[in-house]
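Visitor: got a predicted structure here, sequence first:
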Amino acid sequence: MTLWEATDHAMRLLLGGDESLWRIIGISFKVSGIAILMATPPAVLTAFALAWLRFPGRRLLISLFSTLLSVPAVVVGLTLYLLLSNQGPLGDWRLLFTQSAMVAGQVVLAFPILVAMGHAALQSVDQRAWETARTLGASFFKAFLLVLRESRFGLLAALLAAYGRIIAEVGASMMLGGNILDYTRNIPTAIALETSKGEFAQGIALGVVLLLLASTLNGLLHYVQGKGGVSTP
Amino acid sequence: MLNRLLFLFLSLIFSTSLLAGPQNHSRVIRLATTTSTENSGLLHYLLPLFEKESGYRVHVIAVGTGKALRMGRDGDVDVVLVHARSAERKFVAEGFGEHRFSVMYNDFVLVGPRDDPAGVRSAASADEAFRRLGEGKALFVSRGDDSGTNKKELALWKSAGVHPRGGWYREAGQGMGRVLQMASELGAYTLTDRGTWLAMKKGLDLRILHQGDPMLFNPYGIIAVNPERHPNVNHQGALALIRWFVGKEGQEKIAAFRKEGEQLFIPNAQPSELALLKP
């Protein structure tokens, strides 16, 4: 099968509403969506603490999160696999080969990105914004919200980057989800499987979805960063 | 504008997350099996029939036989469907599995490039074919992943008295489908189960060069994970699945499964074993 034939077939699968294909796409968005929702609040709090509070071990934590950025997904997958396996310490939860296990893996992958990029965004907010707000009688929480608002472009960029990473990630999803049809088979694991079976059309169709998603996220990211540039004094 | 974008993004995430349905675990059977049963399309054909009748949902995790047995040993799955007789026997003997039931068999075939540079087409036996391959005149791609096919291949080398080492012997560490593609691209030989071969041969530049030797026989067995060792496995579900596979309907359906007009698997459940399954 030539590249052209495969692509042509792929387009017909996508546009023709091939049911199994769209179910795989749905699973991908659902799992990664839940993961980003779970990871974002604690990650933003952590980033805020690292950027605005002074406590012992802060620098160590910052360099730890930067290191975690480059941990390969399969290592995250393997570590969680050993934890969640029936033989592992969390085996009683029976989470291995479920969507929850995939979510857990993606949360772990997204967290350092959100913290590292969120930290940079929050740190760039002018110190005086916080001091002014506090002096004018704003509560700690109000001032916190103000800082978040000031750095919203950077935070959104972190969100988009993390989402882009986890939705395209194959190693951890394959290990933790088991690539079960209609349950834990998402776009990247399906591409891996279809390719191994020689079904290149399906693989390309799913690749096109990821490509579209990546370019949409990138477009958003550029737009957001452009906006951010304008709003900085 | 930004707020609207943010809203759009978040609502997309939310709407997809709401689709999350809770999974009732006692209705789910986790089946670890080999890539050959999954890639050939057999399970895709059989399992919907079983699911409809029984009300169970079967989650198929398709890996090599070695890894499937490992998952069974750890209690991460409820039942295994694999093809490596001696490894299965050990699995049961060590108390990880309950009893091995024969389900079906097919056979392995030796495939390679049409012009057959190693000359295995004229070999009288599998031993001789592998001895000729061992001379190293042509590439051989091995699964190299501890799968049932890999174990069979290593046994065949041993029986032929060949120690497969050297530049002509490539261990891929991949599934059957991927290895067939690699062999096709490299103009190399490989050993494959007939099921995957029939399912994939259309896109491959390979031919069957040796088949039919009794040593190439490939039996599949199904084993429930021992609930005494792992009390939290879905043992009832595992037994229901086994009962269906070795029962009349499952066996008939296995025989009826065709790919490109050819039968891929021959059912061979043993009537004497069925007594062990009476509720």
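Guide: All right, it came through fine.

Visitor: in the longest helix seen in chain A, which of the residues would be classed as buried?
Guide: Taking DSSP state H as the criterion, chain A has its longest helix at helix A:19-52. Across helix A:19-52, burial judged by 16 or more other CB atoms under 10 Å in any protein chain shown covers A:21, A:24-25, A:27-36, A:38-40, A:43-44, A:46-52. C-beta coordinates here come from the backbone N, C-alpha and C atoms, glycine included.

Visitor: those also near chain B: which ones?
Guide: A:29-30, A:33-34, A:36 (CB under 8 Å from any CB of the partner chain).

Visitor: give me the element the nearest residue to B:L191 once chain neighbours are set aside is part of.
Guide: Leaving aside its sequence neighbours, B:L191 sits nearest to B:E153 (CB to CB, 6 or more residues apart in numbering or on different chains; 4.6 Å). Counting by DSSP states H and E, the element that carries B:E153 is helix B:148-160.

Visitor: for A:V209, give its distance to B:E98.
Guide: Distance of A:V209 to B:E98, given as CB to CB, to the nearest Å: 43 Å.

Visitor: hang on, the earlier thing: check which residues of the helix holding B:E153 are buried.
Guide: Quick answer for helix B:148-160 (16+ other CB under 10 Å): B:148-154, B:156-157, B:160.

Visitor: between the residues you listed, which is nearest A:L14?
Guide: Using CB to CB, B:T149 comes nearest to A:L14 of the buried residues of helix B:148-160, at 33.9 Å.

Visitor: mind checking pLDDT for the closest one?
Guide: Listed pLDDT for B:T149 reads 93.

Visitor: residues in contact with the nearest residue to it once chain neighbours are set aside?
Guide: Nearest residue to B:T149 in three dimensions, chain neighbours excluded: B:R143, at 5.3 Å (CB to CB, 6+ apart). Shown in contact with B:R143 (CB atoms under 8 Å, 6 or more residues apart in numbering or on different chains): B:64, B:149-150, B:153, B:171-176, B:179.

Visitor: let's see that with 7 Å instead.
Guide: B:R143 makes contacts with B:149-150, B:153, B:172, B:176, B:179, as judged by CB atoms under 7 Å, 6 or more residues apart in numbering or on different chains.

Visitor: toward the C-terminus, what is the element adjacent to the longest helix of chain A?
Guide: helix A:58-68.

Visitor: pull the residues that contact that next one.
Guide: By CB under 7 Å, 6+ apart, helix A:58-68 touches A:50, A:112, A:115-116, A:119.

Visitor: go again using 6 Å as the cut-off
Guide: Contacts to helix A:58-68, defined as CB atoms under 6 Å, 6 or more residues apart in numbering or on different chains, come from residues A:50, A:112, A:115-116.

Visitor: among these, which are located in helices?
Guide: Counting by DSSP H, these contribute A:50, A:112, A:115-116 to helices.

Visitor: just the buried ones from these, in PyMOL syntax?
Guide: Here is the PyMOL command that selects the buried residues among these (16+ other CB under 10 Å):
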select buried, chain A and resi 50+112+115+116
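
Visitor: and of the ones in helices among the contacts of helix A:58-68, the nearest to B:A126?
Guide: Nearest to B:A126 among the ones in helices among the contacts of helix A:58-68, counting by CB to CB, is A:P112 at 52.6 Å.

Visitor: distance of that closest one from chain B?
Guide: Between A:P112 and chain B the distance is 20 Å, computed by CB to the nearest CB, to the nearest Å.

Visitor: give me the pLDDT value at that residue.
Guide: 96.
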